[in-house]
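In: Let's see this in three dimensions:
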Amino acid sequence: MKKLFALVLALLVFPCLAFSETVVTSFYPIWVMTLNLTKGLEDHISVRNMAAPSAGCLHDYQLQTADMKALSGADLFLVNGAGMEAFLPEITRALPDLPVVEASEGIDLLKQGDAVEILEPEEKEEVNAHLWLDPSRAVRMAENLAAGLVRLLPSDEAAITANLEDYRSRLTVLDQQLRDGLKNLARRDIITFHEAFPYFAAAYDLNVVAVVNKEPGEVLTPTQLAELVREIKSLGNPPLFVEPQYTDLSAQTLSRETGSSVWSLDPIVTGPEQDVPLDYYETVMLQNMNTLIEALGSD
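Out: Take a look at the predicted model:
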């Protein structure tokens, strides 16, 4: 009885506690976007990230008991969509009343394994889900997320919209910085070890001439390595780009056999767990730009 009385008293003294909303994001890029959109609303919006910031891409992510517990208490679930969260049907079956917003909704998508061919928004099969790595698409993702937040919190529409406008402006500036920085590269061919960068490549006129692993962490056989050595040499030994979240043992082997240099591009699927800088996305994207300039040279 004393605990119940204390809870009622707390709600009377701090009525905002009774109306706090919990928003859960699926993984790091969506979390960073949502933190930007809810800036200044922390007193009554709790934003939680489901997958640990060290989890990386969610291709093979297995739902944990803690994930379902967190989602069972959520008012809104914000996801990337486009097949990134393969576990999503499991969640919607278990929690049919949980509103889900897909950031990729209505955005044109690239076909898996193709940096050029564009699919219509309704074509979801075999698409590349890493669309946040194109800032112009990231703007549209933020717009979708903001619309979902406004539906949950209509009284905060003005604040969410203002945050969206600020974020859109910053991403537009970033897009121009990347265009300016990458327009005079001496070479434009790159080889990556995960299909994370086709959207980035398409946006800034880079050529992903080969992808070593479609999924991160795949182990290459000696036969596969030998075939890749021949292919890389036939392409003129373009630089190899790995991701800091995954091992680069195969890249180092290929580098020794071909003479191609190894560099790191960050797909921004991991990052700080505490006090996340709101400009973390922009900071890492500019670091990627500088890496590309150094690796590919400039005219």
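In: got the buried residues for stretch 140-147?
Out: For stretch 140-147, a neighbour-count test (16 or more other C-beta atoms under 10 Å) marks 140-146 as buried. Every residue, glycine included, has its C-beta placed from N, CA and C.
In: from those, which is closest to S26?
Out: Distance from S26 was checked for each of the buried residues of stretch 140-147 by C-beta to C-beta. The minimum falls on L145, at 11.3 Å.
In: In which helix or strand does S46 reside?
Out: Assigned by DSSP states H and E, S46 belongs to strand 45-49.
In: tell me which residues in that strand are buried?
Out: Buried positions in strand 45-49, judged by neighbour count with 16+ other C-beta under 10 Å: 45-47, 49.
In: for stretch 228-245, same thing?
Out: Applying a neighbour-count criterion of 16+ other C-beta under 10 Å, one finds 228-229, 232, 237-243, 245 buried in stretch 228-245.
In: cool, and stretch 101-116?
Out: Going by neighbour count (16+ other C-beta under 10 Å), the buried part of stretch 101-116 is 101-105, 107, 109-112, 114-115.
In: Take those residues and keep only those in strands.
Out: Secondary-structure check on the buried residues of stretch 101-116 using DSSP state E: residues within strands are 101-102, 109-110.
In: Pipe the residues you listed into TSV and attach distance to P135 per row.
Out: Written out in TSV, the entries for these read as follows (distance: C-beta to C-beta, whole Å):
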residue	distance to P135
V101	20
E102	19
L109	16
L110	15
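In: so which of these would you say is closest to Y204?
Out: Proximity to Y204 was ranked across these by C-beta to C-beta; first place goes to L110, at 14.0 Å.
In: Check the gap between that closest one and L98 for me.
Out: In this structure, L110 and L98 are 29 Å apart, going by C-beta to C-beta, to the nearest Å.
In: other SSEs contacting the helix or strand harbouring M68?
Out: M68 is located in helix 65-72, with elements delineated by DSSP H and E. In this structure, helix 65-72 makes packing contacts with helix 88-94, judged by 3 or more C-beta pairs under 8 Å, 6 or more residues apart in numbering; DSSP states H and E.
In: As CSV, could you dump the C-alpha coordinates of the helix it packs on?
Out: Coordinates of each C-alpha in helix 88-94 appear next as CSV, following Å, rounded to 0.1, in the frame of the first residue of the first chain:
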residue,chain,number,x,y,z
LEU,A,88,10.4,-7.9,-38.0
PRO,A,89,7.6,-10.4,-38.8
GLU,A,90,8.4,-12.2,-35.6
ILE,A,91,7.9,-8.9,-33.7
THR,A,92,4.7,-7.9,-35.4
ARG,A,93,3.2,-11.4,-34.7
ALA,A,94,4.2,-11.2,-31.0
